[in-house]
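Chemist: compute the structure for the input listed below.
(2 chains)
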Protein chains: 2
Amino acid sequence: MASTTQEPEIRTAQWWGKPLADRLVSEVRERWESQARPSEDPPCLASVGLGEGSPFHVYQRQQARVAQRAGIRFRGEILPRDVSPEGLRARVEELAKDASIHGILLEHPLPPAHDFARIVSGINPWKDVDGVGPTNVGNLATGRPVQVPAVALAARALLQHYGEPTAGRHVVVVGRSETVGIPLALLFLLRGERGDATVTVVHSRTVDLAEHLRRAEILIPCAGRPGLVSRRNTSRGAVVVDVGLATAMGPDPSAPPRVAGDADARSLEGWARAYTPVPGGVGPVTVAEIMASTVRSWEAARTGGDRT
Amino acid sequence: MASTTQEPEIRTAQWWGKPLADRLVSEVRERWESQARPSEDPPCLASVGLGEGSPFHVYQRQQARVAQRAGIRFRGEILPRDVSPEGLRARVEELAKDASIHGILLEHPLPPAHDFARIVSGINPWKDVDGVGPTNVGNLATGRPVQVPAVALAARALLQHYGEPTAGRHVVVVGRSETVGIPLALLFLLRGERGDATVTVVHSRTVDLAEHLRRAEILIPCAGRPGLVSRRNTSRGAVVVDVGLATAMGPDPSAPPRVAGDADARSLEGWARAYTPVPGGVGPVTVAEIMASTVRSWEAARTGGDRT
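Modeler: I've put the predicted structure just below:
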């Protein structure tokens, strides 16, 4: 590869998520409020995690704050870390049957004793607001998305917000998890102006990873490996949408966890055309997209569209 | 790109499907016969198409012949070309409910009046032996395949049969249809030694198609565009698994249709390391894989595994 040191530095944009997230949350609130009858309950989101003091617990507090701004009722549940597989499944089934709840988020990955896909399969596809159940991934793969993983929607929304087209561009997704990497690839392959990308999925078994990363016009790492993406393995002028999230709790469980993305942001300055910072990039937009999905589920429930 | 004329010709292998298809059909027969009780009915496959004299009608006759060799009962149905959407849906529903039938194949693409995904959604995932329903594509995408499109299984089986590893290799799939291109990409992304490939999906909106095709170590065209792949846009030593199928009926409706793949086979001679001919490559293996899927469904039905 060409040496990177001879090319002039370029002006690198930082694509923060807050302006977009704020707009989405306002739109979400307006959307359900403009439809609700006076006597009608607002949409309701339930979020289920395991274990006090875990990073997910901290995310729940963020979810609760954003839900409040969107006017969405929020039910955060933390089950004991050692809840039995039957206990967790039963609790999610109860929430799935509860008609007053329009969206269910379940922490994942779960400890190995639990069968995440099976638990999520029991949730109506509309109420599976994070779009991670096999039915929703199948709907996405066959070109009829119902609910799509919020993190994938967030990546797409950021590109659109900052005026970056995807049609015909080469998107490289780093990671092949069922809940993030694969849905991201499928979303950008969809027909239409917000999709239509040429998509490559690379992962831990990829040979010559750097070579593949350098081919990306839009690079979307979601590996959870801080430092994976840097100036050394991206092409000059690439756009990096950093979906990676490595989380570590500090000593104070009430403090936000320390998070890092997959990109070495400092090394991308002057080299990438733009990147999304972590924290502050994809994260806030993801939470806003969960609220938007919850309102779509609420709409489907009140019109009977969730039963088709 | 480097000129192609200066490099010495290489010995190109033609990967015919017949030896593998014959072996699969024998294994399929042995598999169900070794399990069946004396009084038990053999597995049964129903194949539903529209319109006498169509290419699908011809495929049905091939399916019937192979089913016979596998000892599988075969019910070929040709509905009128102008069957109503309700009529077709009702007929498939009947077959889906019929416990004596273990697999249902539905011609596709269907004329625009019909909603293929919706019709197929009504079939139990095991009986959807071609794995084209959203539930099956979702099962594949989330790493728990039940039934997988036979054409994708055939492509993988041919690579394995001819000793071509996929792990860590760069597979380029040309086409993003829900029933072929997307399942192929998902299959080769699965964890495990028959997957683990780095996968790129290119399609009609891809910019610089030739450049992407040349990057493939294993190229899998499924575009239905004869001549799309040739020496001009593949790298020397690449392997081409030709899933493309353009079909034209000749003047005699009882004669086999004329078929062409996406690859210009003549131009690949001396350049590609191997390619699968059309006809005679992926096709026969695909029919054999449908029989294998039908027997898996039969097994699931007799053990109750189809109800989980």
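Chemist: any idea how far the closest residue to A:Ala274 other than its chain neighbours is from chain B?
Modeler: Once flanking residues are discounted, A:Ala274 sits nearest to A:Ala13: 4.0 Å by Cβ to Cβ, 6 or more residues apart in numbering or on different chains. To be clear about C-beta, it is placed using only N, CA and C from the backbone, and glycine gets the same treatment. The gap separating A:Ala13 from chain B is 23 Å, by Cβ to the nearest Cβ, to the nearest Å.
Chemist: which residues touch A:Ala13?
Modeler: If a contact means Cβ atoms under 8 Å, 6 or more residues apart in numbering or on different chains, then A:Ala13 has A:162, A:273-275 as its contacts.
Chemist: can you check what pLDDT the model gives it?
Modeler: As summarised for this prediction, A:Ala13 has a pLDDT of 98.
Chemist: residues contacting stretch A:78-94, please?
Modeler: So stretch A:78-94 is in contact with A:48-52, A:54, A:57, A:60, A:77, A:104, A:106, A:110-111, A:113-115, A:118-120, A:122-123, going by Cβ under 8 Å, 6+ apart.
Chemist: quick one, strands of chain A?
Modeler: A:13-14, A:44-50, A:73-79, A:103-106, A:170-174, A:198-202, A:218-221, A:239-240, A:246-248, A:258-260, A:274-275 (DSSP state E).
Chemist: which of these comes out lowest on mean pLDDT?
Modeler: strand A:246-248 (a mean of 85).
Chemist: give the contact list for the spatially closest residue to A:Gln14 that is not a sequence neighbour.
Modeler: Nearest residue to A:Gln14, sequence neighbours excluded (Cβ to Cβ, 6+ apart): A:Pro277, at 5.5 Å. A:Pro277 sits next to A:14-16, A:242, A:261, A:265 when contact means Cβ under 8 Å, 6+ apart.
Chemist: greatest separation within those residues: which pair is it?
Modeler: For these, with distances taken as Cβ to Cβ, the pair at the greatest spread is A:Trp16 and A:Gly261 (13.0 Å).
Chemist: neighbour count winner among those two?
Modeler: For A:Trp16 versus A:Gly261, neighbours defined as other Cβ atoms under 10 Å in any protein chain shown are more numerous around A:Gly261 (31 against 16).
Chemist: not counting residues beside it along the chain, what's closest to the more buried one?
Modeler: Per Cβ to Cβ, 6+ apart, closest to A:Gly261 is A:Val278, 3.0 Å.
Chemist: list the contacts for the residue nearest the centre of chain A?
Modeler: Centroid-nearest residue in chain A: A:Val151, 1.3 Å away (criterion: Cα atoms, centre = their mean). Listed by Cβ under 8 Å, 6+ apart, the contact partners of A:Val151 are A:180, A:184, A:222, A:243, A:282, A:286, A:289.
Chemist: and which of the contacts of A:Pro277 is nearest to chain B?
Modeler: Among the contacts of A:Pro277, A:Asp242 lies closest to chain B (Cβ to the nearest Cβ), at 20.5 Å.
Chemist: which residues of chain A lie near chain B?
Modeler: For chain A, the contact set with chain B under Cβ under 8 Å from any Cβ of the partner chain comprises A:117, A:133-144, A:167-170, A:176, A:178, A:182-183, A:185-186, A:189, A:196, A:198-203, A:205-207, A:212, A:215.
Chemist: for the contacts of A:Ala13, pick the one with the most neighbours.
Modeler: A:Tyr275 (26 neighbours).
Chemist: A:Asp130 and chain B: what is the separation?
Modeler: A:Asp130 is 13 Å from chain B, where distance means Cβ to the nearest Cβ.
Chemist: quick check: A:Val174 touching A:Leu184?
Modeler: No - counting by Cβ atoms under 8 Å, A:Val174 sits too far from A:Leu184 to count as a contact (9.7 Å).
Chemist: need the residues touching each of those two.
Modeler: In terms of Cβ under 8 Å, 6+ apart, A:Val174 and A:Leu184 are both contacted by the residues A:220, A:222.
Chemist: can you name the residue of chain A nearest chain B?
Modeler: Counting by Cβ to the nearest Cβ, chain A gets nearest chain B through A:Gly138, at 2.4 Å.
Chemist: ok, now which ones touch that residue?
Modeler: B:133-139, B:141.
Chemist: isn't A:Gln147 right up against A:Asp128?
Modeler: Yes - at 5.6 Å, A:Gln147 counts as touching A:Asp128 under the criterion of Cβ under 8 Å.
Chemist: mutual contacts of the two, please.
Modeler: Common neighbours of A:Gln147 and A:Asp128, using Cβ under 8 Å, 6+ apart, are A:Asn136.
Chemist: now stretch A:90-100: buried residues?
Modeler: Using 16 or more other Cβ atoms under 10 Å in any protein chain shown as the test for burial, stretch A:90-100 gives A:91-92, A:95-96.
Chemist: CA atoms of the helix ranked longest in chain A as CSV?
Modeler: Criterion DSSP state H: the longest helix present in chain A is helix A:282-303. Written as CSV, here are the backbone C-alpha positions of helix A:282-303 (Å, rounded to 0.1, in the frame of the first residue of the first chain):
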residue,chain,number,x,y,z
VAL,A,282,-24.2,6.2,17.1
GLY,A,283,-25.3,5.7,20.8
PRO,A,284,-27.8,8.5,21.3
VAL,A,285,-29.3,8.0,17.9
THR,A,286,-29.8,4.3,18.7
VAL,A,287,-31.8,5.1,21.8
ALA,A,288,-33.9,7.6,19.8
GLU,A,289,-34.5,4.9,17.2
ILE,A,290,-35.8,2.5,19.9
MET,A,291,-38.4,5.2,20.8
ALA,A,292,-39.4,5.5,17.2
SER,A,293,-39.8,1.8,16.9
THR,A,294,-41.9,1.7,20.0
VAL,A,295,-44.2,4.3,18.5
ARG,A,296,-44.5,2.3,15.3
SER,A,297,-45.5,-0.7,17.4
TRP,A,298,-48.0,1.4,19.3
GLU,A,299,-49.5,2.5,16.0
ALA,A,300,-49.6,-1.1,14.7
ALA,A,301,-51.4,-2.2,17.9
ARG,A,302,-54.0,0.5,17.8
THR,A,303,-54.8,-0.2,14.1
